[in-house]
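> model this:
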Amino acid sequence: MLWAGGGLLAQTSELSMYRAIYPDDKVIRLEHSRTINLEVAGDSIVASLEETTRNLILDDAGGWSGGGEVSYNYWMPLRELEAYTLVPNGKKYKKREVETFKDLKTWDGSIFAHDDMQRSWIYPSLVAGAITHQYVVKDIREPRFISPWYFGSFIPEITSRYSIVCPEDMELTIRYFNMEEDDVTFSKTTNKGRTTYTWEQQNLPALDIEDGAPSAPYFIPHIMAYVRSYTTTQGRQTLMDKVDDLHAWYATFIDSLDSSGDPELRAITDSLVRGKDEDVEKIKAIYYWVQNNIKYIAFEEGWGGFVPRQASEVCSNRYGDCKDMATMIYEMGKMAGLDIHLAWIGTRDIPYRYEEVPTPISDNHMIAAVQYNGAWTFLDATSEHLPFGYPSSFIQGKEALIHLGDGQFELASVPVVEASRNALREQFTIELDPEKQLLKGVATEEVQGYRKMQIGGRIRNAKASSLLNDLNRFYTVGNNKFRLESFDYTHLNDKDQSLLVRYDFVVPDYAKSIGDEVYVSLQLSNYFEGDLVQADRIMPLEREYLSVFEKTVELLIPEGYDVSYMPEKSAYQNDDFSFRINYFREADKVRSETSIEINHLLLEPGQFENWNTMIETLSEAYRELVILKKIQTDE
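Numbering: from 1, shown residues only. Next up, the predicted model:
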């Protein structure tokens with residue numbers, strides 16, 4: 001046996017065995033275990049964790065950098081760290097301690113102030129058969145922040161074990177995600193007033209996270225265990241039982257918010273709503289002002305990651321995080337007599353609903369919400385160019401915890417924005433010189449919603465001095481010889497209007513001539529062509545938003561030519577995705593009309609076959625050509 005608890009050492013036979021079992025792996029994880037220790041001291045819960053990680057090197061090359069690291073911050077300060085390598089030495093091991101550690105602040109360019117630190121090191125003597133050992137003890141300042149335990153890693157794991165040790169009368173809530181309760185070996189023992197819960201799995205394969213998949217909590221088996229109630233000298237205390245408990249705790253973060261006496265904020269608010277009769281116009285004016293004038297900078301340092309700053313301070317600084325921007329909208333709304341509310345929400349990276357996991361694990365974001373036309377409208381000023389009426393794309397379908405007042409809240413689902421509101425509508429008028437095989441054209445685009453935000457970002461990032469060159473690759477149609485000749489746009493920064501684009505272009509060597517016939521495609525831009533899901537894929541594919549692509553191409557029939565062939569119409573219909581392509585002849589023109597609708601955020605494996613059928617049909621339709629034939633004249 002390999003060392004399972006600190007006594008027996010790996011022998012040559014075990015090393016050979018694991019090499020045979022894992023021939024493609026250079027490193028395996030012998031053990032990954034964590035123990036959460038919970039105690040009651042006075043009226044509070046004192047929490048800590050111990051974590052052990054041991055890796056076996058299967059090959060001298062290692063296939064691994066040999067580095068170790070542990071993260072810590074204000075909420076989980078590092079109390080103890082032990083790191084060493086057990087190096088094979090005959091029939092025994094020689095212990096080689098790590099001598100040098102480096103502590104660095106974790107850099108995240110999107111976060112201005114945080115306290116995330118990382119201690120890193122390099123293990124010595126990483127030869128075949130060596131075992132690296134890491135033992136960590138951290139304090140947990142807030143028991144509501146106990147993290148889930150995931151079974152599995154990016155390398156094979158022989159043993160994955162999670163334990164919680166707590167007072168016998170402490171009540172826990174245990175949730176299983178992406179697994180059944182009987183998928184794991186579970187034990188519960190009590191000794192001297194302390195109860196130990198343990199979950200264990202053996203021989204876990206390496207996780208293979210496929211590109212485009214949703215975040216890991218959607219599919220990796222994991223356990224969520226949190227404290228429901230406990231006993232103190234004051235009697236029974238509830239920590240996290242229902243959403244009411246989470247809301248009551250969150251409410252303490254905002255109950256002191258009051259900037260009603262700030263003259264600058266009052267003056268700005270009054271100027272924004274003056275002369276506006278409709279509440280919706282006042283709301284939009286405040287919302288857009290915060291978007292345009294408060295720079296988003298994240299704060300995740302200690303309580304700064306949970307408690308918003310006063311709106312007066314944010315206004316004076318002209319920067320803030322999601323909480324600060326939501327608070328600005330909320331406070332300015334109150335000054336204007338508007339019924340705007342604060343709301344907590346988890347982004348789409350987090351799969352949990354509040355009623356199944358009423359803990360801070362279920363959210364990571366704060367927004368504002370207002371009733372409009374009989375439904376909640378969500379205001380997220382962190383997305384600078386987001387129009388009123390659109391939630392930020394990364395909270396679509398999520399559940400918001402809306403604060404209504406003391407002890408009052410509402411859980412509301414954020415709508416998924418329908419595909420037609422994220423449309424790209426293109427109109428091409430093209431002329432072909434059959435002799436030169438040169439295509440000239442003018443294109444107009446109408447772009448809406450999230451699609452406008454994406455395309456608008458590309459336009460903003462292009463330099464005025466090199467606009468055509470910067471946008472040429474993005475707007476390429478026809479073939480790679482495409483050349484942008486002119487480019488104009490309107491409503492780029494008008495959030496309530498569609499982006500309108502017009503450009504002129506030429507495409508050399510576009511058509512193909514054979515004898516007196518010319519073969520030309522009227523598709524120009526082949527969205528989703530060849531976008532097949534691999535046959536062995538097992539994870540869903542995630543999209544940022546639903547969308548519609550509509551394209552009309554009108555070809556002016558060259559003088560002296562006529563249309564001898566037009567492709568048949570082609571279509572595929574499914575509730576989650578569809579397309580149709582039609583061709584029409586009108587006097588001196590031939591026109592194609594293409595429409596593609598993507599009506600899902602998650603493409604589930606059960607739809608992969610249908611998706612591939614659509615893509616194959618669509619790609620085949622793209623290959624269809626219009627044939628122009630030279631008109632024969634009597635000599």
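> from now on I want contacts and neighbour counts done on CA atoms only, so please keep to that.
Fine.
> now residue 39: which helix or strand?
strand 27-41 (DSSP states H and E).
> list the helices and strands that strand packs on?
strand 44-57, strand 157-167, strand 222-232 (3 or more CA pairs under 8 Å, 6 or more residues apart in numbering; DSSP states H and E).
> so what secondary structure elements neighbour the helix or strand following the second one?
It refers to strand 157-167. The first helix or strand that comes after strand 157-167 along the chain, using DSSP H and E, is strand 171-177. Packing contacts for strand 171-177, counted by 3+ CA pairs under 8 Å, 6+ apart, involve strand 222-232.
> give me the distance from the strand it packs on to the chain's centre.
Averaged C-alpha coordinates place strand 222-232 at 28 Å from its chain's average position (CA atoms, centre = their mean, to the nearest Å).
> other residues contacting it?
Residues from elsewhere that reach strand 222-232 (CA atoms under 8 Å, 6 or more residues apart in numbering): 40-44, 143-144, 146-151, 169-179, 236-241.
> pull the CA atoms of it into CSV?
The C-alpha atoms that make up strand 222-232 are tabulated as CSV, following Å, rounded to 0.1, in the frame of the first residue of the first chain:
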residue,chain,number,x,y,z
HIS,A,222,-19.6,18.4,-4.8
ILE,A,223,-21.0,18.7,-1.3
MET,A,224,-22.4,21.8,0.3
ALA,A,225,-22.6,21.6,4.1
TYR,A,226,-23.4,24.6,6.3
VAL,A,227,-24.4,25.4,9.8
ARG,A,228,-28.2,25.6,10.3
SER,A,229,-28.3,26.2,14.0
TYR,A,230,-26.2,25.9,17.2
THR,A,231,-26.5,26.4,21.0
THR,A,232,-24.9,29.1,23.1
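> quick one: strands adjacent to it?
strand 149-150 (antiparallel), strand 171-177 (antiparallel), strand 235-238 (antiparallel) (DSSP bridges).
> circling back to that earlier point, would you turn the helices and strands packed on strand 27-41 into a markdown table with mean pLDDT?
Listed next are the helices and strands packed on strand 27-41 as a markdown table, based on pLDDT from 0 to 100:
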| stretch | mean pLDDT |
| --- | --- |
| strand 44-57 | 97 |
| strand 157-167 | 98 |
| strand 222-232 | 97 |
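> distance to residue 27 for those - can I get that in CSV?
Below are the helices and strands packed on strand 27-41 laid out as CSV (distance: least, CA to CA, whole Å):
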stretch, distance to residue 27
strand 44-57, 5
strand 157-167, 10
strand 222-232, 23
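> ok, back up a step: which of the strands paired with strand 222-232 is buried the deepest?
Among those, the stretch with the highest mean neighbour count (mean count of other CA atoms under 10 Å) is strand 149-150, at a mean of 18.
> outside of that strand, which residues touch it?
In contact with strand 149-150 (CA under 8 Å, 6+ apart) are residues 162, 220, 221, 222, 223, 224.
> ditto for stretch 325-342
By CA under 8 Å, 6+ apart, stretch 325-342 touches 258-260, 265-266, 269-270, 273, 279, 282-283, 286-287, 290, 294, 296, 308-311, 314-315, 366-371, 379-382, 402-404.
> repeat that with 7 Å
259-260, 266, 269, 286-287, 290, 311, 366-370, 381, 402-404 (CA atoms under 7 Å, 6 or more residues apart in numbering).
> mind checking how far the nearest residue to residue 135 once chain neighbours are set aside is from residue 118?
Closest residue to residue 135 apart from its sequence neighbours, by CA to CA, 6 or more residues apart in numbering: residue 52 at 4.6 Å. Going from residue 52 to residue 118 by CA to CA, to the nearest Å gives 17 Å.
> which residues in the stretch 1-150 of the chain form helices?
12-21 (DSSP state H, counting those that start in this stretch).
> what is the neighbour count of residue 594?
22 (other CA atoms under 10 Å).
> with residue 488 instead?
10.
> that's a helix at it, yeah?
No - counting by DSSP: H, G, I helix; E, B strand; the rest coil, residue 488 is not found in a helix; it is strand.
> just to revisit the earlier point, which residues touch the residue nearest to residue 135?
Residue 52 sits in contact with 32, 33, 34, 134, 135, 136, where contact means CA under 7 Å, 6+ apart.
> need these in JSON lines (columns: neighbour count and pLDDT).
Formatted as JSON lines, the contacts of residue 52 follow (neighbours: other CA atoms under 10 Å; pLDDT from 0 to 100):
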{"residue": "32", "neighbour count": "20", "pLDDT": "98"}
{"residue": "33", "neighbour count": "18", "pLDDT": "98"}
{"residue": "34", "neighbour count": "21", "pLDDT": "99"}
{"residue": "134", "neighbour count": "19", "pLDDT": "98"}
{"residue": "135", "neighbour count": "17", "pLDDT": "98"}
{"residue": "136", "neighbour count": "17", "pLDDT": "98"}
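> distance to residue 442 added to those, as JSON lines?
Putting the contacts of residue 52 into JSON lines (distance: CA to CA, whole Å) gives the following:
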{"residue": "32", "distance to residue 442": "61"}
{"residue": "33", "distance to residue 442": "63"}
{"residue": "34", "distance to residue 442": "63"}
{"residue": "134", "distance to residue 442": "64"}
{"residue": "135", "distance to residue 442": "65"}
{"residue": "136", "distance to residue 442": "64"}
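> what is the nearest of the residues you listed to residue 390?
residue 34 (41.8 Å; CA to CA).
> grab the nearest non-local neighbour of that closest one.
According to CA to CA, 6+ apart, the nearest residue to residue 34 is residue 51 (4.3 Å).
> count the residues that sit near the one you found.
Residue 51 - counted by other CA under 10 Å - has 17 other residues nearby.
> OK, contacts around it?
Taking CA under 7 Å, 6+ apart, one finds 33, 34, 35, 135, 136, 137 in contact with residue 51.
> name whatever forms a beta bridge with it.
residue 34, residue 136.
> returning to what we had before: out of the helices and strands packed on strand 27-41, which gets nearest to residue 620?
Across these, closest to residue 620 is strand 222-232 (CA to CA), at 43.1 Å.
> between strand 157-167 and the closest one, find me the angle.
Interaxial angle, strand 222-232 versus strand 157-167 (axes from the mean of the first three to the mean of the last three CA atoms, to 10 degrees): 20 degrees.
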